[in-house]
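Asker: please find the sequence and the predicted model below.
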Amino acid sequence: MMTFEEIHALLSDKFGSKVIVDSQTSGLQPALFIHPDYIVPICEELRDNQLTWFDFLSCLTGVDHGPESNKFSVVYHLASIPHQHQLVLKVEIEHDRNLEVLPSFKSVSDVWKTAEWHEREAFDLVGIDFEGHPDQRRILLPDDWEGYPLRKDYQAAEEYKGIKIN
Amino acid sequence: MPVKKTRYDLLTENLQAEEMIINMGPQHPSTHGVLRLELITDGEIVKEVIPHMGYLHRCFEKHCESLTYQQIIPFVDRMDYLASMNNDHAFVMGVERMMGIDKDIPKRVEYIRVLVCELNRIASHLISIGTYGMDIGAFTPFLWCFRDREHIMNMLEWASGSRMLYNYIWVGGLFYDLPVGFEERCREFVDYFKPKLAELNQLLTDNQIFISRTAGVGVLPLDVAINYGCSGPMLRGSGLKWDLRRVDEYSAYPELDFEIPIGKGEMGKSGDCWDRYKVRADEVAESLKIIEQCLDKLQKDLKRGPEFDPRAKLPKKIIPKEQDFYIRAENPRGELGYYFITDGKTEIPKRVKARAPSFNNLSVLPEISRSVLIADLVAILGSIDIVLGEVDR
(Lines give C-alpha, C1' and ligand atoms only; values in the text may rest on other atoms or scores of the structure.)
Protein backbone atom coordinates (compact mmCIF):
# COMPACT_ATOMS: atom_id res chain seq x y z
CA MET A 1 0.00 0.00 0.00
CA MET A 2 1.43 3.37 -1.01
CA THR A 3 0.54 6.77 0.37
CA PHE A 4 -0.41 9.67 -1.83
CA GLU A 5 2.98 11.36 -1.28
CA GLU A 6 4.85 8.22 -2.34
CA ILE A 7 2.83 7.91 -5.55
CA HIS A 8 3.33 11.62 -6.19
CA ALA A 9 7.10 11.28 -5.72
CA LEU A 10 7.24 8.18 -7.91
CA LEU A 11 5.43 9.88 -10.78
CA SER A 12 7.39 13.13 -10.42
CA ASP A 13 10.69 11.24 -10.60
CA LYS A 14 9.64 9.46 -13.73
CA PHE A 15 7.81 12.20 -15.62
CA GLY A 16 8.94 15.49 -14.07
CA SER A 17 6.97 18.47 -12.87
CA LYS A 18 5.92 19.46 -16.39
CA VAL A 19 3.61 16.47 -16.50
CA ILE A 20 2.51 16.38 -12.87
CA VAL A 21 1.25 19.94 -12.84
CA ASP A 22 -0.04 20.25 -9.32
CA SER A 23 -1.38 18.37 -6.35
CA GLN A 24 -4.43 19.15 -4.29
CA THR A 25 -4.30 18.02 -0.67
CA SER A 26 -6.95 20.21 0.95
CA GLY A 27 -9.90 17.80 0.91
CA LEU A 28 -10.38 14.34 2.31
CA GLN A 29 -9.10 12.76 -0.88
CA PRO A 30 -5.92 14.31 -2.31
CA ALA A 31 -5.67 14.55 -6.09
CA LEU A 32 -2.95 14.93 -8.71
CA PHE A 33 -3.34 17.35 -11.59
CA ILE A 34 -1.89 15.90 -14.78
CA HIS A 35 -1.01 17.73 -17.97
CA PRO A 36 -3.82 16.80 -20.42
CA ASP A 37 -1.39 15.59 -23.11
CA TYR A 38 0.22 13.02 -20.83
CA ILE A 39 -2.77 11.39 -19.20
CA VAL A 40 -2.51 8.17 -21.22
CA PRO A 41 1.18 7.40 -20.44
CA ILE A 42 0.57 8.32 -16.79
CA CYS A 43 -2.37 5.92 -16.61
CA GLU A 44 -0.41 3.16 -18.33
CA GLU A 45 2.45 3.63 -15.89
CA LEU A 46 0.11 3.57 -12.89
CA ARG A 47 -1.56 0.42 -14.17
CA ASP A 48 1.57 -1.51 -15.14
CA ASN A 49 3.99 -0.50 -12.38
CA GLN A 50 3.96 -3.27 -9.80
CA LEU A 51 4.29 -0.72 -6.99
CA THR A 52 1.13 1.18 -7.84
CA TRP A 53 -0.81 -1.47 -9.83
CA PHE A 54 -3.99 0.53 -10.38
CA ASP A 55 -5.84 -2.15 -12.30
CA PHE A 56 -9.35 -0.92 -11.54
CA LEU A 57 -10.89 2.33 -12.75
CA SER A 58 -13.72 3.03 -10.32
CA CYS A 59 -15.17 6.11 -11.87
CA LEU A 60 -14.56 8.67 -14.58
CA THR A 61 -16.37 12.00 -14.39
CA GLY A 62 -16.57 14.87 -16.82
CA VAL A 63 -17.04 18.19 -15.04
CA ASP A 64 -18.05 21.61 -16.31
CA HIS A 65 -16.85 24.31 -13.92
CA GLY A 66 -19.27 26.93 -15.16
CA PRO A 67 -19.11 29.99 -17.39
CA GLU A 68 -17.10 32.11 -14.91
CA SER A 69 -13.96 29.98 -15.13
CA ASN A 70 -14.63 28.39 -18.53
CA LYS A 71 -12.84 25.28 -17.38
CA PHE A 72 -13.61 21.67 -18.16
CA SER A 73 -12.04 18.79 -16.35
CA VAL A 74 -12.08 15.02 -16.25
CA VAL A 75 -11.64 13.25 -12.93
CA TYR A 76 -10.34 9.68 -12.71
CA HIS A 77 -10.84 7.57 -9.59
CA LEU A 78 -8.42 4.68 -9.61
CA ALA A 79 -8.30 1.73 -7.27
CA SER A 80 -5.76 -1.01 -6.89
CA ILE A 81 -7.10 -4.44 -6.06
CA PRO A 82 -3.73 -6.02 -5.05
CA HIS A 83 -2.58 -3.05 -2.94
CA GLN A 84 -6.00 -1.76 -1.86
CA HIS A 85 -5.10 1.90 -2.30
CA GLN A 86 -6.92 4.60 -4.25
CA LEU A 87 -5.89 7.64 -6.23
CA VAL A 88 -7.60 10.60 -7.84
CA LEU A 89 -6.27 12.12 -11.06
CA LYS A 90 -7.54 15.31 -12.64
CA VAL A 91 -6.98 16.90 -16.01
CA GLU A 92 -8.19 20.38 -16.75
CA ILE A 93 -8.36 22.64 -19.80
CA GLU A 94 -9.86 25.99 -20.58
CA HIS A 95 -12.42 26.19 -23.31
CA ASP A 96 -14.61 28.94 -24.71
CA ARG A 97 -17.82 26.84 -24.52
CA ASN A 98 -18.19 26.80 -28.27
CA LEU A 99 -20.62 24.01 -29.12
CA GLU A 100 -19.04 23.42 -32.55
CA VAL A 101 -15.60 22.48 -31.21
CA LEU A 102 -15.90 20.49 -28.02
CA PRO A 103 -13.21 20.53 -25.32
CA SER A 104 -10.98 17.58 -26.12
CA PHE A 105 -9.15 15.15 -23.86
CA LYS A 106 -7.20 11.98 -24.60
CA SER A 107 -9.21 8.80 -24.19
CA VAL A 108 -7.98 6.23 -21.67
CA SER A 109 -10.31 3.52 -22.96
CA ASP A 110 -7.31 1.51 -24.15
CA VAL A 111 -5.93 1.45 -20.62
CA TRP A 112 -9.15 0.47 -18.87
CA LYS A 113 -12.19 -0.64 -20.84
CA THR A 114 -14.35 0.81 -18.05
CA ALA A 115 -13.51 4.22 -19.42
CA GLU A 116 -15.22 3.47 -22.71
CA TRP A 117 -18.78 3.81 -21.44
CA HIS A 118 -17.90 6.42 -18.85
CA GLU A 119 -16.35 8.59 -21.55
CA ARG A 120 -19.40 8.11 -23.71
CA GLU A 121 -21.46 9.31 -20.78
CA ALA A 122 -19.24 12.37 -20.30
CA PHE A 123 -19.52 13.11 -24.01
CA ASP A 124 -23.28 12.68 -23.90
CA LEU A 125 -24.05 14.77 -20.83
CA VAL A 126 -21.19 17.27 -20.49
CA GLY A 127 -20.06 17.53 -24.10
CA ILE A 128 -16.44 16.49 -23.82
CA ASP A 129 -14.67 15.01 -26.81
CA PHE A 130 -12.34 12.08 -26.20
CA GLU A 131 -9.59 11.80 -28.77
CA GLY A 132 -9.00 8.19 -29.76
CA HIS A 133 -12.27 6.87 -28.39
CA PRO A 134 -13.38 3.95 -30.57
CA ASP A 135 -17.12 4.38 -30.24
CA GLN A 136 -18.05 7.92 -29.26
CA ARG A 137 -21.81 8.07 -29.46
CA ARG A 138 -24.50 9.31 -27.11
CA ILE A 139 -25.27 6.69 -24.52
CA LEU A 140 -28.16 7.81 -22.30
CA LEU A 141 -29.87 10.48 -24.37
CA PRO A 142 -31.43 9.95 -27.81
CA ASP A 143 -28.99 10.14 -30.72
CA ASP A 144 -30.57 13.31 -32.06
CA TRP A 145 -30.55 15.22 -28.77
CA GLU A 146 -29.26 18.77 -29.02
CA GLY A 147 -26.93 20.23 -26.43
CA TYR A 148 -25.26 18.80 -23.36
CA PRO A 149 -27.54 18.88 -20.30
CA LEU A 150 -24.94 18.86 -17.54
CA ARG A 151 -23.27 22.01 -18.80
CA LYS A 152 -23.93 24.86 -16.42
CA ASP A 153 -25.23 27.11 -19.19
CA TYR A 154 -27.57 24.51 -20.69
CA GLN A 155 -31.03 25.78 -21.55
CA ALA A 156 -33.72 23.11 -21.42
CA ALA A 157 -35.33 22.61 -24.81
CA GLU A 158 -38.85 23.90 -25.37
CA GLU A 159 -39.93 20.88 -27.30
CA TYR A 160 -38.63 17.57 -28.54
CA LYS A 161 -39.84 16.45 -31.98
CA GLY A 162 -42.95 18.60 -31.72
CA ILE A 163 -43.78 17.38 -28.21
CA LYS A 164 -43.94 20.18 -25.68
CA ILE A 165 -41.71 19.74 -22.63
CA ASN A 166 -42.91 21.23 -19.38
CA MET B 1 -16.75 19.07 -36.28
CA PRO B 2 -15.57 16.19 -38.50
CA VAL B 3 -17.70 13.13 -37.96
CA LYS B 4 -15.69 10.24 -36.60
CA LYS B 5 -16.57 6.75 -37.72
CA THR B 6 -17.53 4.87 -34.61
CA ARG B 7 -17.21 1.18 -33.99
CA TYR B 8 -20.99 1.03 -34.27
CA ASP B 9 -20.86 2.40 -37.82
CA LEU B 10 -18.18 -0.07 -38.82
CA LEU B 11 -20.10 -3.00 -37.37
CA THR B 12 -23.44 -2.18 -38.93
CA GLU B 13 -22.12 -1.05 -42.33
CA ASN B 14 -20.01 -4.08 -43.12
CA LEU B 15 -22.50 -6.91 -42.81
CA GLN B 16 -21.76 -10.20 -44.50
CA ALA B 17 -24.40 -11.75 -46.76
CA GLU B 18 -25.55 -14.28 -44.15
CA GLU B 19 -25.67 -11.81 -41.32
CA MET B 20 -28.78 -10.17 -40.02
CA ILE B 21 -29.49 -7.50 -37.44
CA ILE B 22 -32.10 -8.41 -34.86
CA ASN B 23 -33.43 -6.17 -32.14
CA MET B 24 -33.95 -7.77 -28.75
CA GLY B 25 -35.97 -5.48 -26.56
CA PRO B 26 -36.64 -2.84 -25.33
CA GLN B 27 -39.82 -4.67 -24.33
CA HIS B 28 -38.35 -8.14 -24.22
CA PRO B 29 -39.01 -9.89 -20.88
CA SER B 30 -35.53 -11.33 -20.57
CA THR B 31 -33.82 -7.95 -20.88
CA HIS B 32 -35.04 -7.21 -17.32
CA GLY B 33 -36.47 -3.82 -18.10
CA VAL B 34 -36.12 -1.49 -21.02
CA LEU B 35 -32.82 -2.44 -22.56
CA ARG B 36 -32.43 -2.85 -26.31
CA LEU B 37 -29.81 -5.22 -27.60
CA GLU B 38 -28.93 -4.97 -31.24
CA LEU B 39 -27.70 -8.39 -32.31
CA ILE B 40 -25.72 -9.12 -35.41
CA THR B 41 -26.56 -12.74 -36.00
CA ASP B 42 -25.58 -15.49 -38.35
CA GLY B 43 -28.39 -17.99 -38.02
CA GLU B 44 -28.57 -18.88 -34.34
CA ILE B 45 -25.09 -17.54 -33.59
CA VAL B 46 -24.68 -14.09 -32.14
CA LYS B 47 -21.75 -12.39 -33.84
CA GLU B 48 -21.91 -9.11 -31.97
CA VAL B 49 -24.07 -7.50 -29.32
CA ILE B 50 -24.59 -3.75 -29.19
CA PRO B 51 -26.50 -2.59 -26.10
CA HIS B 52 -28.59 0.55 -26.37
CA MET B 53 -29.79 2.06 -23.14
CA GLY B 54 -31.26 5.29 -21.90
CA TYR B 55 -34.92 4.34 -22.14
CA LEU B 56 -35.23 4.84 -18.38
CA HIS B 57 -33.02 7.91 -18.14
CA ARG B 58 -34.54 10.20 -15.53
CA CYS B 59 -31.79 12.84 -15.37
CA PHE B 60 -30.58 11.94 -11.88
CA GLU B 61 -27.49 14.11 -12.12
CA LYS B 62 -29.42 17.03 -13.60
CA HIS B 63 -31.94 16.89 -10.77
CA CYS B 64 -29.12 16.86 -8.23
CA GLU B 65 -28.04 20.29 -9.44
CA SER B 66 -31.09 21.85 -7.82
CA LEU B 67 -31.81 19.69 -4.77
CA THR B 68 -30.38 19.65 -1.26
CA TYR B 69 -28.62 16.56 0.04
CA GLN B 70 -31.62 15.42 2.04
CA GLN B 71 -33.89 15.89 -0.96
CA ILE B 72 -31.63 13.78 -3.16
CA ILE B 73 -32.13 10.66 -1.02
CA PRO B 74 -35.54 9.79 -2.55
CA PHE B 75 -33.98 10.18 -6.02
CA VAL B 76 -31.18 7.86 -5.01
CA ASP B 77 -33.83 5.32 -3.99
CA ARG B 78 -35.08 5.24 -7.54
CA MET B 79 -31.75 4.40 -9.11
CA ASP B 80 -31.42 0.78 -8.10
CA TYR B 81 -35.02 0.36 -7.11
CA LEU B 82 -34.49 -3.22 -5.95
CA ALA B 83 -31.91 -2.20 -3.35
CA SER B 84 -32.95 1.26 -2.21
CA MET B 85 -31.60 0.85 1.31
CA ASN B 86 -28.10 0.12 0.02
CA ASN B 87 -28.22 3.15 -2.26
CA ASP B 88 -29.30 5.36 0.62
CA HIS B 89 -26.61 3.96 2.87
CA ALA B 90 -23.80 4.70 0.44
CA PHE B 91 -25.07 8.21 -0.29
CA VAL B 92 -25.61 9.06 3.36
CA MET B 93 -22.17 7.76 4.31
CA GLY B 94 -20.60 10.00 1.69
CA VAL B 95 -22.35 13.12 2.97
CA GLU B 96 -21.57 12.23 6.58
CA ARG B 97 -17.87 11.84 5.83
CA MET B 98 -17.79 15.18 4.06
CA MET B 99 -19.49 16.76 7.08
CA GLY B 100 -17.09 14.97 9.41
CA ILE B 101 -19.88 13.46 11.50
CA ASP B 102 -19.42 9.82 10.47
CA LYS B 103 -17.78 8.97 13.80
CA ASP B 104 -20.65 10.44 15.86
CA ILE B 105 -23.36 8.15 14.54
CA PRO B 106 -24.78 6.06 17.41
CA LYS B 107 -23.99 2.35 17.30
CA ARG B 108 -27.65 1.40 17.32
CA VAL B 109 -28.23 3.48 14.21
CA GLU B 110 -25.30 1.80 12.45
CA TYR B 111 -26.60 -1.65 13.31
CA ILE B 112 -30.12 -0.83 12.16
CA ARG B 113 -28.66 0.47 8.89
CA VAL B 114 -26.73 -2.73 8.34
CA LEU B 115 -29.77 -4.81 9.29
CA VAL B 116 -32.10 -3.15 6.79
CA CYS B 117 -29.39 -3.11 4.10
CA GLU B 118 -28.83 -6.84 4.44
CA LEU B 119 -32.57 -7.51 4.39
CA ASN B 120 -32.71 -5.49 1.21
CA ARG B 121 -29.73 -7.36 -0.20
CA ILE B 122 -31.58 -10.66 0.33
CA ALA B 123 -34.68 -9.24 -1.35
CA SER B 124 -32.61 -8.05 -4.28
CA HIS B 125 -30.78 -11.36 -4.68
CA LEU B 126 -34.09 -13.24 -4.46
CA ILE B 127 -35.37 -11.26 -7.44
CA SER B 128 -32.15 -11.93 -9.26
CA ILE B 129 -32.29 -15.66 -8.58
CA GLY B 130 -36.00 -15.93 -9.32
CA THR B 131 -35.96 -14.04 -12.59
CA TYR B 132 -32.81 -15.83 -13.63
CA GLY B 133 -34.56 -19.15 -13.19
CA MET B 134 -37.42 -17.82 -15.26
CA ASP B 135 -35.05 -16.69 -18.04
CA ILE B 136 -33.73 -20.22 -18.21
CA GLY B 137 -37.23 -21.69 -18.23
CA ALA B 138 -37.89 -22.62 -14.58
CA PHE B 139 -41.03 -20.89 -13.36
CA THR B 140 -41.38 -22.30 -9.83
CA PRO B 141 -38.31 -20.65 -8.25
CA PHE B 142 -39.64 -17.29 -9.38
CA LEU B 143 -42.85 -17.78 -7.39
CA TRP B 144 -40.98 -19.11 -4.37
CA CYS B 145 -38.57 -16.19 -4.38
CA PHE B 146 -41.35 -13.66 -4.64
CA ARG B 147 -43.25 -15.36 -1.83
CA ASP B 148 -40.26 -15.05 0.50
CA ARG B 149 -39.33 -11.59 -0.68
CA GLU B 150 -42.80 -10.44 0.24
CA HIS B 151 -42.01 -11.00 3.93
CA ILE B 152 -39.00 -8.69 3.65
CA MET B 153 -41.05 -6.08 1.80
CA ASN B 154 -43.66 -6.19 4.55
CA MET B 155 -41.05 -5.78 7.24
CA LEU B 156 -39.34 -2.87 5.54
CA GLU B 157 -42.72 -1.28 4.89
CA TRP B 158 -43.43 -1.59 8.59
CA ALA B 159 -40.19 0.22 9.38
CA SER B 160 -40.22 2.91 6.71
CA GLY B 161 -43.80 3.20 5.46
CA SER B 162 -42.96 2.23 1.92
CA ARG B 163 -42.57 -1.06 0.11
CA MET B 164 -39.69 -0.42 -2.25
CA LEU B 165 -38.50 3.19 -2.14
CA TYR B 166 -37.78 3.69 1.51
CA ASN B 167 -36.08 7.06 2.19
CA TYR B 168 -35.35 5.48 5.58
CA ILE B 169 -31.65 6.18 6.13
CA TRP B 170 -31.05 9.88 6.65
CA VAL B 171 -27.90 11.96 6.91
CA GLY B 172 -26.92 11.67 10.57
CA GLY B 173 -29.50 9.10 11.57
CA LEU B 174 -32.69 7.39 10.57
CA PHE B 175 -36.24 8.32 9.67
CA TYR B 176 -37.55 6.48 12.76
CA ASP B 177 -36.35 3.84 15.13
CA LEU B 178 -37.42 0.29 14.27
CA PRO B 179 -41.04 -0.36 15.21
CA VAL B 180 -41.61 -2.20 18.51
CA GLY B 181 -41.47 -5.94 17.87
CA PHE B 182 -39.45 -5.65 14.65
CA GLU B 183 -36.47 -7.58 16.00
CA GLU B 184 -38.67 -10.50 17.09
CA ARG B 185 -40.48 -10.64 13.79
CA CYS B 186 -37.22 -10.45 11.90
CA ARG B 187 -35.91 -13.40 13.87
CA GLU B 188 -39.06 -15.34 12.99
CA PHE B 189 -38.38 -14.55 9.35
CA VAL B 190 -34.79 -15.82 9.59
CA ASP B 191 -35.99 -19.07 11.14
CA TYR B 192 -38.68 -19.41 8.48
CA PHE B 193 -36.36 -18.54 5.61
CA LYS B 194 -33.44 -20.86 6.34
CA PRO B 195 -35.23 -24.11 5.35
CA LYS B 196 -36.80 -22.29 2.40
CA LEU B 197 -33.35 -21.34 1.17
CA ALA B 198 -32.26 -24.97 1.35
CA GLU B 199 -35.36 -25.91 -0.64
CA LEU B 200 -34.59 -23.25 -3.21
CA ASN B 201 -31.06 -24.57 -3.59
CA GLN B 202 -32.40 -28.07 -4.14
CA LEU B 203 -34.80 -26.78 -6.75
CA LEU B 204 -32.39 -24.63 -8.75
CA THR B 205 -28.73 -24.84 -7.73
CA ASP B 206 -28.43 -28.59 -8.08
CA ASN B 207 -30.92 -28.88 -10.90
CA GLN B 208 -29.33 -30.70 -13.82
CA ILE B 209 -31.25 -28.75 -16.47
CA PHE B 210 -30.26 -25.48 -14.86
CA ILE B 211 -26.61 -26.57 -14.66
CA SER B 212 -26.61 -27.62 -18.30
CA ARG B 213 -27.93 -24.25 -19.35
CA THR B 214 -25.52 -22.17 -17.26
CA ALA B 215 -22.30 -24.09 -16.55
CA GLY B 216 -19.50 -23.14 -18.91
CA VAL B 217 -21.64 -20.45 -20.55
CA GLY B 218 -20.57 -16.82 -20.68
CA VAL B 219 -17.18 -17.35 -19.08
CA LEU B 220 -15.78 -14.07 -17.80
CA PRO B 221 -12.02 -14.31 -17.19
CA LEU B 222 -10.79 -12.39 -14.16
CA ASP B 223 -8.50 -9.98 -16.02
CA VAL B 224 -11.32 -9.02 -18.38
CA ALA B 225 -13.67 -8.50 -15.43
CA ILE B 226 -11.23 -6.14 -13.72
CA ASN B 227 -10.42 -4.27 -16.93
CA TYR B 228 -14.10 -3.63 -17.59
CA GLY B 229 -14.70 -2.45 -14.03
CA CYS B 230 -17.01 -5.31 -13.09
CA SER B 231 -17.69 -5.56 -9.39
CA GLY B 232 -19.85 -7.38 -6.91
CA PRO B 233 -21.02 -10.91 -7.73
CA MET B 234 -19.69 -10.52 -11.29
CA LEU B 235 -16.13 -10.07 -10.04
CA ARG B 236 -16.46 -12.60 -7.24
CA GLY B 237 -17.96 -15.09 -9.66
CA SER B 238 -14.67 -14.91 -11.57
CA GLY B 239 -12.85 -16.01 -8.45
CA LEU B 240 -11.64 -12.85 -6.73
CA LYS B 241 -12.37 -12.20 -3.04
CA TRP B 242 -13.19 -8.51 -3.35
CA ASP B 243 -15.95 -7.13 -1.21
CA LEU B 244 -15.96 -3.47 -0.21
CA ARG B 245 -17.68 -4.34 3.04
CA ARG B 246 -14.39 -5.98 3.98
CA VAL B 247 -11.98 -3.78 2.01
CA ASP B 248 -13.29 -0.42 3.22
CA GLU B 249 -14.63 -1.69 6.56
CA TYR B 250 -17.40 0.86 6.68
CA SER B 251 -20.34 1.18 9.08
CA ALA B 252 -20.73 -1.78 11.46
CA TYR B 253 -19.27 -4.38 9.08
CA PRO B 254 -15.83 -4.69 10.75
CA GLU B 255 -17.56 -6.02 13.88
CA LEU B 256 -19.55 -8.62 11.99
CA ASP B 257 -18.50 -12.07 10.98
CA PHE B 258 -19.28 -13.24 7.45
CA GLU B 259 -17.60 -15.02 4.56
CA ILE B 260 -17.12 -13.73 1.03
CA PRO B 261 -18.33 -16.42 -1.38
CA ILE B 262 -16.45 -16.69 -4.66
CA GLY B 263 -16.93 -18.69 -7.84
CA LYS B 264 -14.75 -21.79 -8.03
CA GLY B 265 -15.83 -23.26 -11.33
CA GLU B 266 -17.45 -26.26 -9.63
CA MET B 267 -19.76 -27.08 -12.52
CA GLY B 268 -17.91 -25.70 -15.49
CA LYS B 269 -15.26 -23.04 -15.81
CA SER B 270 -14.53 -20.39 -13.21
CA GLY B 271 -16.46 -17.23 -14.01
CA ASP B 272 -19.33 -18.84 -15.88
CA CYS B 273 -23.01 -18.04 -15.40
CA TRP B 274 -23.48 -20.77 -12.83
CA ASP B 275 -20.68 -19.34 -10.67
CA ARG B 276 -22.23 -15.91 -10.70
CA TYR B 277 -25.59 -17.38 -9.77
CA LYS B 278 -24.00 -19.46 -7.01
CA VAL B 279 -22.21 -16.44 -5.52
CA ARG B 280 -25.58 -14.72 -5.17
CA ALA B 281 -27.22 -17.77 -3.64
CA ASP B 282 -24.36 -18.06 -1.13
CA GLU B 283 -24.48 -14.37 -0.35
CA VAL B 284 -28.09 -14.74 0.73
CA ALA B 285 -26.95 -17.22 3.38
CA GLU B 286 -24.14 -14.88 4.46
CA SER B 287 -26.58 -11.98 4.73
CA LEU B 288 -28.76 -14.12 6.98
CA LYS B 289 -25.73 -14.62 9.22
CA ILE B 290 -25.15 -10.87 9.37
CA ILE B 291 -28.82 -10.25 10.17
CA GLU B 292 -28.71 -12.69 13.07
CA GLN B 293 -25.64 -10.98 14.52
CA CYS B 294 -27.28 -7.58 14.15
CA LEU B 295 -30.40 -8.84 15.89
CA ASP B 296 -28.30 -10.22 18.75
CA LYS B 297 -26.70 -6.82 19.19
CA LEU B 298 -29.94 -4.87 18.84
CA GLN B 299 -31.74 -7.02 21.39
CA LYS B 300 -28.93 -7.10 23.99
CA ASP B 301 -26.17 -4.47 24.09
CA LEU B 302 -27.91 -1.87 21.96
CA LYS B 303 -31.43 -2.41 23.22
CA ARG B 304 -33.88 0.36 22.51
CA GLY B 305 -34.32 2.81 25.37
CA PRO B 306 -36.79 5.64 25.88
CA GLU B 307 -33.97 8.17 25.52
CA PHE B 308 -32.81 6.83 22.15
CA ASP B 309 -33.54 9.21 19.30
CA PRO B 310 -32.41 8.21 15.80
CA ARG B 311 -32.78 11.85 14.73
CA ALA B 312 -30.62 13.28 17.52
CA LYS B 313 -27.56 13.70 15.31
CA LEU B 314 -29.31 15.05 12.24
CA PRO B 315 -27.46 18.21 11.19
CA LYS B 316 -29.68 21.31 11.04
CA LYS B 317 -28.10 22.41 7.79
CA ILE B 318 -26.08 20.12 5.57
CA ILE B 319 -23.32 22.33 4.18
CA PRO B 320 -20.10 20.33 3.68
CA LYS B 321 -16.80 22.15 3.25
CA GLU B 322 -15.62 22.93 -0.26
CA GLN B 323 -14.12 19.73 -1.60
CA ASP B 324 -14.71 16.81 -3.85
CA PHE B 325 -15.22 13.36 -2.50
CA TYR B 326 -15.78 9.88 -3.88
CA ILE B 327 -17.53 7.31 -1.71
CA ARG B 328 -17.91 3.68 -2.66
CA ALA B 329 -19.90 0.94 -1.00
CA GLU B 330 -20.99 -2.60 -1.74
CA ASN B 331 -24.40 -2.69 -3.32
CA PRO B 332 -25.99 -6.10 -4.13
CA ARG B 333 -24.75 -5.57 -7.68
CA GLY B 334 -21.28 -4.30 -6.92
CA GLU B 335 -19.39 -1.13 -6.27
CA LEU B 336 -21.80 1.77 -5.98
CA GLY B 337 -19.97 5.08 -5.98
CA TYR B 338 -20.98 8.70 -5.64
CA TYR B 339 -18.70 11.53 -6.61
CA PHE B 340 -19.58 14.82 -4.93
CA ILE B 341 -18.29 18.27 -5.76
CA THR B 342 -19.33 20.85 -3.19
CA ASP B 343 -18.83 24.59 -3.06
CA GLY B 344 -18.96 25.00 0.74
CA LYS B 345 -21.58 27.73 0.60
CA THR B 346 -24.94 26.22 -0.21
CA GLU B 347 -26.90 23.13 0.73
CA ILE B 348 -27.00 22.12 -2.92
CA PRO B 349 -24.10 20.09 -4.34
CA LYS B 350 -22.33 21.44 -7.39
CA ARG B 351 -22.21 18.02 -8.96
CA VAL B 352 -23.16 14.50 -7.99
CA LYS B 353 -22.13 11.68 -10.26
CA ALA B 354 -23.30 8.16 -9.57
CA ARG B 355 -21.09 5.26 -10.54
CA ALA B 356 -23.63 2.53 -10.97
CA PRO B 357 -22.46 -1.08 -10.70
CA SER B 358 -24.94 -2.35 -13.30
CA PHE B 359 -23.69 0.21 -15.81
CA ASN B 360 -20.16 -1.16 -15.63
CA ASN B 361 -21.22 -4.78 -15.36
CA LEU B 362 -23.34 -4.44 -18.48
CA SER B 363 -20.45 -2.98 -20.48
CA VAL B 364 -18.73 -6.37 -20.49
CA LEU B 365 -21.70 -8.06 -22.19
CA PRO B 366 -20.50 -7.58 -25.81
CA GLU B 367 -17.10 -8.97 -24.81
CA ILE B 368 -18.35 -12.23 -23.30
CA SER B 369 -21.16 -12.96 -25.70
CA ARG B 370 -19.37 -13.15 -29.05
CA SER B 371 -20.21 -16.34 -30.95
CA VAL B 372 -22.75 -17.65 -28.49
CA LEU B 373 -26.23 -18.94 -29.25
CA ILE B 374 -29.13 -16.51 -28.87
CA ALA B 375 -30.55 -18.71 -26.11
CA ASP B 376 -27.24 -18.49 -24.24
CA LEU B 377 -27.24 -14.73 -24.57
CA VAL B 378 -30.40 -14.70 -22.45
CA ALA B 379 -28.59 -16.79 -19.85
CA ILE B 380 -25.57 -14.47 -19.87
CA LEU B 381 -27.64 -11.31 -19.60
CA GLY B 382 -29.64 -12.76 -16.73
CA SER B 383 -26.48 -13.71 -14.87
CA ILE B 384 -25.21 -10.11 -15.02
CA ASP B 385 -28.32 -9.09 -13.05
CA ILE B 386 -28.79 -5.54 -14.26
CA VAL B 387 -31.32 -3.05 -12.97
CA LEU B 388 -32.11 -0.60 -15.72
CA GLY B 389 -33.05 2.13 -13.29
CA GLU B 390 -29.42 2.17 -12.32
CA VAL B 391 -27.91 1.73 -15.76
CA ASP B 392 -29.84 4.70 -17.11
CA ARG B 393 -30.22 6.73 -13.92
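Answerer: In hand now; what should we look at? The structure presented is a predicted model; accordingly, all values stated were derived computationally and were not measured.
Asker: contacting residues around the residue of the stretch 51-200 of chain B found nearest chain A?
Answerer: The minimum distance from the stretch 51-200 of chain B to chain A, using Cβ to the nearest Cβ, falls at residue B:54 (4.1 Å). Where you see a C-beta, it was placed from the backbone N, CA and C, and this is true even at glycine. By Cβ atoms under 8 Å, 6 or more residues apart in numbering or on different chains, the contact list for residue B:54 reads A:138, A:139, A:140, A:141, A:142, B:392.
Asker: wait, the last one sits on residue A:139?
Answerer: No - here residue B:392 does not reach residue A:139: they are 9.3 Å apart, not a contact under Cβ atoms under 8 Å.
Asker: check which helix or strand covers the spatially most central residue of chain A.
Answerer: Nearest residue to the geometric centre of chain A (Cα atoms, centre = their mean): residue A:74, 2.5 Å. Per DSSP states H and E, residue A:74 falls inside strand A:71-79.
Asker: I'd like to know which elements that strand is packed against.
Answerer: Applying 3 or more Cβ pairs under 8 Å, 6 or more residues apart in numbering or on different chains; DSSP states H and E, one finds that strand A:71-79 contacts helix A:39-48, strand A:56-64, strand A:86-94, strand B:334-342.
Asker: buried residues in the first one?
Answerer: For helix A:39-48, the neighbour count (16 or more other Cβ atoms under 10 Å in any protein chain shown) marks A:39, A:40, A:42, A:43, A:45, A:46, A:47 as buried.
Asker: by contact count, what packs against the longest helix seen in chain B?
Answerer: Identified as the longest helix of chain B according to DSSP state H is helix B:107-136. Judged by 3+ Cβ pairs under 8 Å, 6+ apart, helix B:107-136 is in contact with helix B:84-99, helix B:140-160, strand B:173-174, helix B:182-200, helix B:208-214, helix B:273-299, helix B:374-384.
Asker: what does the second one contact?
Answerer: Helix B:140-160 is contacted by residues B:85, B:116, B:119-120, B:122-123, B:126-127, B:129-131, B:133-134, B:162-164, B:166-168, B:175-176, B:178-179, B:182, B:185-186, B:189, B:192-193, B:196, B:199-200, B:203-204 when judged by Cβ under 8 Å, 6+ apart.
Asker: from the residues you listed, list the buried ones, please.
Answerer: Buried by 16+ other Cβ under 10 Å: B:85, B:116, B:119-120, B:122-123, B:126-127, B:129-131, B:133-134, B:162, B:164, B:166-168, B:175, B:178, B:182, B:186, B:189, B:193, B:200, B:204, out of the contacts of helix B:140-160.
Asker: just want the angle from the strand holding residue A:74 to strand A:86-94.
Answerer: Comparing the axes of strand A:71-79 and strand A:86-94 via axes from the mean of the first three to the mean of the last three Cα atoms, to 10 degrees yields an angle of 170 degrees.
Asker: how about strand A:71-79: buried residues?
Answerer: Neighbour counts over strand A:71-79 (16+ other Cβ under 10 Å) mark A:72, A:73, A:74, A:75, A:76, A:77, A:78, A:79 as buried.
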